[in-house]
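J.: Kindly generate the corresponding structure for this input.
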Amino acid sequence: MNPSEGNFTHEPRPSADGDPRRIAGYRLSGVLGAGGQGVVYLGRTSTGRPVAVKTLHARLAGDTRARGRFLREAEIARRVAAFCTARVLDAGIADGRPYVVSEYVQGPSLDALVAGDGPRTGGGLDRLAITTLTALQAIHRAGVVHRDFKPSNVIMGPEGPVVIDFGIAGLLEQSTTGSGLVGTPAYLSPELLDGDRAGVASDVFAWAATMVYAATGHRAFPGTVTAVVLNAIMTREPDLTSVPGHLRPLLAACLAKDPDSRPTVADLLTALTQERPLPGPRATVGRRRLVRALAAGAAVAVAPAVYGLTNLLSSEAGTPFGRLVREPVAGPQKWVLSVALSQVNGRPVVVSGGYDGTVVMADLATGAPVGATLKGHRGPVWSVATGLSRGGPVAVSAGRDGTARLWDLSAGTPLLEPFTGHRGSVESVAVGRLGERPVAVSGSQDGTVRAWDLTTGAPIGKPFAARPAWVLAVAMGQLDGRPVVVSGDHHGGIFVSDLATGARVAERPKGHRGPVESVAVGRLGDRPVAISGGGDGDHTVRIWDLASAAPIGEPFTGHRSWALGLAAGELGDGRAVVVSGGYRDGTVRVWDLATGAPVGTAFLGHRGLIESVAIGPLDGRTVAVSAGDDGRIRVWSLGPPYPA
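T.: Residues are numbered from 1 along each chain as shown. Predicted coordinates:
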């Protein structure tokens with residue numbers, strides 16, 4: 001939400017007589033841009049920090065719908081990871097006019113840069129393609145489809161490109177074109193012109209059209225009249241003249257008329273960063289059709305042999321540490337956000353929560369689906385946890401729809417009514433016991449932690465909060481015989497609370513230099529410890545005394561991105577370890593809790609984001625499980641022979 005509102009120049013123009021000099025305490029010194037919706041000013045905070053202040057036009061301030069759309073842009077932008085956009089700092093209404101304040105990213109738009117300096121070339125073009133794809137991936141992970149990706153909405157900042165302007169962006173599960181077209185004609189995909197839903201494939205099309213302009217200085221579908229441009233998008237092949245040879249097939253695939261034939265963002269990143277060819281159009285379409293069939297429950301009883309699996313557990317010595325136990329299998333969930341392990345009918349299973357709102361089970365050893373897809377969430381399932389209730393295995397799932405849900409894993413059916421009460425997205429759940437009662441705890445965007453009785457569905461006690469900050473992660477443990485909850489929040493805090501009373505046991509308000517994305521509970525000998533993974537600006541794994549929240553040892557360093565997945569356990573030789581997954585760096589790492597040293601080298605193989613990890617037994621051996629946005633669940637051996 002930087003100055004993309006038309007007429008943007010590198011330097012702000014002076015304020016005119018009719019322009020305000022101050023908005024909600026922000027001193028305004030110039031105009032960065034203006035458009036049909038509003039004006040973007042260069043402002044200063046009370047400390048002198050430059051910011052972009054966007055306000056709705058006075059003529060629209062009395063329009064309830066216009067005000068709602070304007071402020072909704074800020075809410076959507078807040079969902080998106082700060083590394084890829086201008087971070088929203090403040091929003092509200094002053095003197096009857098809504099305003100939004102964001103970081104000021106100084107630099108020209110890609111549109112202006114190409115117009116002034118010419119097309120991007122060489123490594124600069126490749127870096128632009130990779131960084132904007134990474135931004136697009138983060139936008140989609142936040143549950144947002146941009147719907148207006150174009151050169152003027154890419155700001156070439158001093159620290160790299162950022163994607164801005166979420167004024168017409170929509171949520172993935174509800175993005176439609178509505179009653180009319182939205183977006184910029186030259187970058188609209190054919191399906192949008194047909195009145196279909198706007199989805200991630202629409203953004204891929206717009207990204208590719210943007211890259212054609214960046215590489216050549218001309219549009220993929222040229223024309224000076226809107227009707228001519230729209231007709232070209234629907235009926236003609238893109239003009240890829242002057243696009244470098246290594247990019248031409250990628251961009252051509254992205255500009256396919258059929259959205260199902262376009263590659264995914266993960267495929268594109270792999271092709272650009274690992275120099276692998278994209279899957280052919282038939283393979284891409286076939287893979288997506290398989291995904292649809294599985295999601296519809298058409299293949300839940302297929303035997304493992306149908307998947308062409310190679311079981312690598314055949315040797316008597318077992319699979320060495322760090323090797324895949326079996327080849328990854330593409331299941332019904334195209335994007336896996338969370339995994340947990342359980343036992344169903346005597347067999348180990350992995351339970352996964354998907355971006356599509358489903359909960360799915362698969363045989364841990366073979367990858368074959370177990371039972372039907374569990375549906376009920378309206379939006380992504382951010383977290384799943386497993387345990388026992390009523391004598392059988394259950395899973396609790398938590399989602400962006402603000403609910404937690406309980407599932408009978410043996411029957412493959414929901415139990416009880418959804419757990420409601422949170423006033424925002426439920427980011428994390430954990431399962432444990434309070435006395436004889438099986439319970440779940442949930443942490444939410446609303447800043448609270450809640451406890452639930454898994455036999456009745458009733459809330460236990462009152463919600464408790466360490467402080468009014470977004471709770472991103474929760475875990476359960478035991479401290480001196482009493483159950484406690486460890487929570488991590490968006491401000492980097494680690495908090496330990498008594499489950500029965502909600503009373504604070506220990507705290508570390510600034511445990512990380514960024515958000516705490518994951519927490520787990522483990523043991524160092526007889527000492528219970530909390531483990532946390534840092535997010536943007538930190539990337540470390542840290543160990544804390546559960547009773548005092550005092551740090552133990554030095555932070556574990558090695559990830560180049562958020563430690564989004566975290567799980568604690570033991571190796572076969574008795575060593576306490578923690579497994580972590582790097583969100584964007586594509587690595588799974590194992591750490592010795594006692595020494596802080598890595599055990600072996602990083603596990604490689606993920607083609608995109610790593611969202612979650614778990615640790616548990618499989619056929620008498622310890623394994624680690626990892627999953628992410630490529631839809632494949634990977635199972636790694638943590639058994640001997642161990643690395644030196």
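J.: Val426 touches Pro380, doesn't it?
T.: No. The pair Val426 / Pro380 is not scored as a contact, 10.7 Å apart, by CB atoms under 8 Å. The way it works is simple: take the backbone N, C-alpha and C, and place the C-beta from them, glycine included.
J.: Need the residues touching each of those two.
T.: Shared contacts of Val426 and Pro380, defined by CB atoms under 8 Å, 6 or more residues apart in numbering, are found at 399-400.
J.: Output the residue ranges of the helices in the stretch 1-150 of the chain, listed in chain order.
T.: 64-79, 110-117, 122-141 (DSSP state H, counting those that start in this stretch).
J.: Check the chain too.
T.: Using DSSP state H, the helices assigned to the chain run over residues 64-79, 110-117, 122-141, 190-193, 200-216, 226-235, 248-254, 265-274, 281-295.
J.: The third one vs helix 265-274, what angle?
T.: Pointing back at helix 122-141 there. Helix 122-141 and helix 265-274 are oriented at 150 degrees to each other (axes from the mean of the first three to the mean of the last three CA atoms, to 10 degrees).
J.: what stretches of the stretch 101-250 of the chain score poorly on pLDDT?
T.: 142, 166-183 (pLDDT under 70).
J.: between Val426 and Pro380, who's got more neighbours?
T.: With neighbours defined as other CB atoms under 10 Å, Val426 and Pro380 compare such that Val426 has more, 30 against 25.
J.: nearest residue to the more buried one other than its sequence neighbours?
T.: In space, Val426 comes closest to Ala398 once its chain neighbours are excluded; the distance is 3.8 Å by CB to CB, 6 or more residues apart in numbering.
J.: Next: Ala567.
T.: Closest residue to Ala567 apart from its sequence neighbours, by CB to CB, 6+ apart: Ile615 at 4.3 Å.
J.: per-residue confidence for the one you found?
T.: Turning to Ile615, the model gives it a pLDDT of 96.
J.: what's the answer for Ser338, then?
T.: Confidence score, pLDDT, at Ser338: 97.
J.: partner residues bridging it?
T.: Gly353 (DSSP bridges).
J.: do the same with the one 4 residues further on
T.: Here Ser342 sits in beta bridges with Val349, as judged by DSSP bridges.
J.: Any idea which helix or strand in the chain has the lowest mean pLDDT?
T.: Here the helix or strand of the chain ranked lowest by mean pLDDT, DSSP states H and E is helix 281-295, holding a mean of 33.
J.: one step back: so the residue nearest to Ala567 touches Val623, yeah?
T.: Yes. Counting by CB under 8 Å, Ile615 touches Val623, with 7.3 Å between them.
J.: What distance do you get for the residue nearest to Val426 to Leu406?
T.: Note on Ala398: its distance to Leu406, by CB to CB, to the nearest Å, is 11 Å.
J.: who has more neighbours, the two?
T.: Ala398 (31 against 23).
J.: OK, contacts around that one?
T.: By CB under 8 Å, 6+ apart, the contact list for Ala398 reads 353, 381-384, 404-405, 426-429, 442.
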